[in-house]
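Chemist: No letters, just coordinates:
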C-alpha cells in the first residue's frame, strides 16, 4: 500500500487507486499520515477533524471513520493505542518520505547523478502538497515545509544543471519559476547566468533590472550583494561565468523500470480526450502537436503554444468556446472562455489540459480578463459586474466580488482585472475598484471614465480610457497624472516603461513624465499586448497574426497563428481572431477564437 500526499491525497494498492469515501474520512487519514508512527489521541483527532467545533456525536463518528479506514486499508493498518490511534507507514511507502530519501541519496553523489536523482525526487510531485487540505490548520505547517523543501530542491537541481552546461535547456523553466516566485533571488540569479551563457547578455541584464524592480516595488529593498555582484560580473564578461562543457546526467528509469531515452519527439497526434457535458452541450478536447517545420494554422476555440522566438506554433489544444484571456502562474496556464463561462487550466510544459482537471465553471457568457496574485486566480466576469476568485489548489470558485452586486437597468461590466501592490484591481463600468484579497472586499474606488485597459507595475496602477492614460497611486487610489491619447488600450508595464496600443501602434511611455517614446507598427488591428521573454507581443484581431517586437529595438517577427479573416473577402465566412496573448512557462500562449 502506498500513500501519496505530494498532491491530492491518494492511496494506491499496486497500480489500483483505493477509493476513500467522504471528506472526514480522508481528513482523518491525512492527519494520521502526518503523525506516522505516533499515537494520536482521540481528543486531538476530534479537535482537528471538526476545526475546534465538534458535534456531540464526534467521538462515535470518529470510531466509525476508523472502522471504515480499516475496511479499506486492512484491519491491522490503524492501531488502537490507549485513548487514540496510530498509523505506521514506512518512508518508502509514503511519497513525501521517499522524496526525502532521494534527497539524502543525492547529497553524496557527483553532480550528474545527483541532478538525475533530484529530478527523480521532483517527479513524485503531482501538484501542491496536500492539495485537498490547503485551508485546514492541521496541514498548514506540513504544506509550508514541503513546499519550501521542494523549491529548495528545484534550486539545487538547477545549480547542478548549470554546472553541467545545461543553460540552454533551463531558460524556459527559469522564466516560469521567476514568474511564479518573483522575490526568490536565487532563481533570478540562475536566470541571469543561464541567459548570459546562451549569449543573451542584454536579456540577462534585463532580468536583473526586473528583479530590482520587483524587490523595490514589493519589499522596498535593493537586490542582495550576491545578485549585484552577478550583475557586475555580467557587465565585465567575467571569465568565471563562462559556460562549462555540457555533461548529460544519466536518464532516470521510469516507474516500470524502462529507460525514458529514445522516445521520439517528432510526433503528430490527434487525441479526443473525451466528451464533457457542459451547459447542455458536448465539448470534445483535441490536442494536436508537431515538431515539424511546416506551419500550423490553429483552429478556433484553441490555445496555441508558441516558441520564445515567435517563429513557430509548437502545439495547440482545444479549450472552451471563445477563449478571451490568458494568464500564466501558479504552475499553470489559465484560459478564460468567454462564451461558455469557464476557465481551463493547461500544463505549461506540454500545452495540454493539466492532469485530470475539468473546466472551472464561472457562469455567464462574456468572461473578459484574468489576473494572478495572492495565491489565487481572478476572473473579470464581464456583464455580470463581478470578479471571481479561484483557488488553484482546490480548482474551484471560492468567492465572487462584490458578493451582492447592485442591480441596475444598464449593466456595470467588469472587463479588466489586474494584481499589484498587494491588491486586486478591477474596472467596473466607469470606476476603478481596489479589492483586498485578505477579505475579498472592495475597500476603495474612484471614477476613471470608460476603461480600455488595466495594468500594474513600477509602483503604480495604469488605466487606459477613451480619453487617454491615467497613472493611479495604489495607496490613496488617486490620480497622479494623465495624458491624452486618441484611442489608447491594453497597457503593460515592463523594463521600466509603460507600453500600450495607440492608433494600431505599440507606443512606449515614460512612467514619470508620460512622454511618448518610440512607436512601432503592430498589425492591422492589435487586440491586446503582453510582455515577456525580452519582447512585446501583440495578437491581431482580424488577420490571425501574432507580432513579436523585441523590447530593445531588435527584429520584429510576425507569425500566422490563426486563419486570416480578411484573406478572402469574397469567399465564404470563416477565420479566426486572436483576442489575447500571455508569456510564461518558457513559451508564449495565444488564444484563438471564432472570427466574426
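Modeler: The structure has been received and is ready for your questions. It should be emphasised that the depicted structure is a prediction, and the values quoted were computed from it without experimental measurement.
Chemist: where does the stretch 201-350 of the chain dip in pLDDT?
Modeler: Applying pLDDT under 70 to the stretch 201-350 of the chain flags residues 249-295.
Chemist: rerun that using 50 as the cut-off
Modeler: Of all residues in the stretch 201-350 of the chain, those with pLDDT under 50 make up the ranges 252-293.
Chemist: for it, what spans make up the strands?
Modeler: Ranges of strands within the stretch 201-350 of the chain are 271-278, 281-289, 302-306, 313-318, 323-329, 332-337, 342-346, based on DSSP state E, counting those that start in this stretch.
Chemist: Show the average pLDDT along stretch 525-536.
Modeler: What stretch 525-536 shows for mean pLDDT is 87.
Chemist: How far away from the center of its chain is that stretch?
Modeler: How far stretch 525-536 lies from its chain's middle: 18 Å, per C-alpha atoms, centre = their mean, to the nearest Å.
Chemist: now do the same end-to-end measure for that stretch.
Modeler: Terminal residues of stretch 525-536 lie 16 Å apart, using C-alpha to C-alpha, to the nearest Å.
Chemist: again, but for stretch 461-480
Modeler: 10 Å.
Chemist: How about residues contacting it?
Modeler: By C-beta atoms under 8 Å, 6 or more residues apart in numbering, the surrounding residues in contact with stretch 461-480 are 418, 420-421, 423, 425, 427, 432, 434, 444-446, 448-456, 459-460, 481-485, 487-491, 493, 498, 500, 509, 511, 514. In this view, the C-beta of every residue, glycine as well, is placed from N, C-alpha and C.
Chemist: Check stretch 30-45 too.
Modeler: 3, 5, 9, 28, 48-49, 59, 62, 78, 81-89, 94, 97, 130, 132-133, 138-139, 142.
Chemist: Start and end of that stretch, how far apart?
Modeler: Stretch 30-45 has an end-to-end distance of 11 Å (C-alpha to C-alpha).
Chemist: how about that stretch: buried residues?
Modeler: Using 16 or more other C-beta atoms under 10 Å as the test for burial, stretch 30-45 gives 30, 31, 32, 33, 34, 35, 36, 40, 42, 45.
Chemist: Save the residues you listed as TSV, and put in secondary structure, distance to residue 386 and pLDDT too.
Modeler: Below are those laid out as TSV (DSSP: H, G, I helix; E, B strand; the rest coil; distance: C-beta to C-beta, whole Å; pLDDT from 0 to 100):
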residue	secondary structure	distance to residue 386	pLDDT
30	helix	33	93
31	helix	36	93
32	helix	40	94
33	helix	38	94
34	helix	37	94
35	coil	42	93
36	coil	44	91
40	strand	42	92
42	helix	44	92
45	helix	39	93
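Chemist: now residue 247, nearest residue through space, not along the chain?
Modeler: Leaving aside its sequence neighbours, residue 247 sits nearest to residue 164 (C-beta to C-beta, 6 or more residues apart in numbering; 4.5 Å).
Chemist: er, residue 432 actually
Modeler: Nearest residue to residue 432 in three dimensions, chain neighbours excluded: residue 448, at 4.8 Å (C-beta to C-beta, 6+ apart).
Chemist: contacting residues for the one you found?
Modeler: So residue 448 contacts 427, 430, 431, 432, 463, 465, 470 (C-beta under 8 Å, 6+ apart).
Chemist: Just the ones of these in strands?
Modeler: Using DSSP state E, the members of the contacts of residue 448 that fall in strands are 427, 431, 432, 463, 465, 470.
Chemist: burial of residue 486, as a residue count?
Modeler: Using other C-beta atoms under 10 Å, residue 486 is surrounded by 9 other residues.
Chemist: wait, I meant residue 316
Modeler: Residues near residue 316, counting by other C-beta under 10 Å: 26.
Chemist: And for the one 4 residues further on?
Modeler: As a burial measure, the neighbour count of residue 320 was computed by other C-beta under 10 Å and equals 24.
Chemist: dump the residue contacts of it.
Modeler: Counting by C-beta under 8 Å, 6+ apart, residue 320 touches 278, 283, 301, 335, 337, 339, 340, 342, 344, 359.
Chemist: a markdown table please, covering the residues you listed and showing neighbour count and distance to residue 558.
Modeler: As requested, the contacts of residue 320 are exported to a markdown table (neighbours: other C-beta atoms under 10 Å; distance: C-beta to C-beta, whole Å):
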| residue | neighbour count | distance to residue 558 |
| --- | --- | --- |
| 278 | 17 | 35 |
| 283 | 19 | 31 |
| 301 | 21 | 23 |
| 335 | 28 | 23 |
| 337 | 27 | 26 |
| 339 | 17 | 27 |
| 340 | 22 | 30 |
| 342 | 26 | 31 |
| 344 | 24 | 27 |
| 359 | 21 | 32 |
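Chemist: Taking the residues you listed together, which two end up most distant?
Modeler: The span of these, defined through C-beta to C-beta, is set by 278 and 335 at 14.3 Å.
Chemist: Can you pull up the most central residue in this structure?
Modeler: In the chain, the centroid-proximal residue (C-alpha atoms, centre = their mean) is residue 329; its distance is 1.9 Å.
Chemist: quick one: contacts for the residue lying closest to it once chain neighbours are set aside?
Modeler: Using C-beta to C-beta, 6+ apart and skipping residues adjacent in sequence, the residue nearest residue 329 is residue 372, 3.7 Å away. For residue 372, the contacting residues are 327, 328, 329, 330, 334, 378, 419, by C-beta under 8 Å, 6+ apart.
Chemist: Next, find the distance separating the fourth one from residue 241.
Modeler: Using C-beta to C-beta, to the nearest Å, residue 330 is found at 32 Å from residue 241.
Chemist: The two - which one has more neighbours?
Modeler: Counted by other C-beta under 10 Å, residue 330 and residue 241 do not tie: residue 330 has more neighbours, with 20 against 16.
Chemist: Look up the closest residue to residue 98, ignoring the ones flanking it.
Modeler: Leaving out its chain neighbours, the residue that sits closest to residue 98 by C-beta to C-beta, 6+ apart is residue 92, at 5.6 Å.
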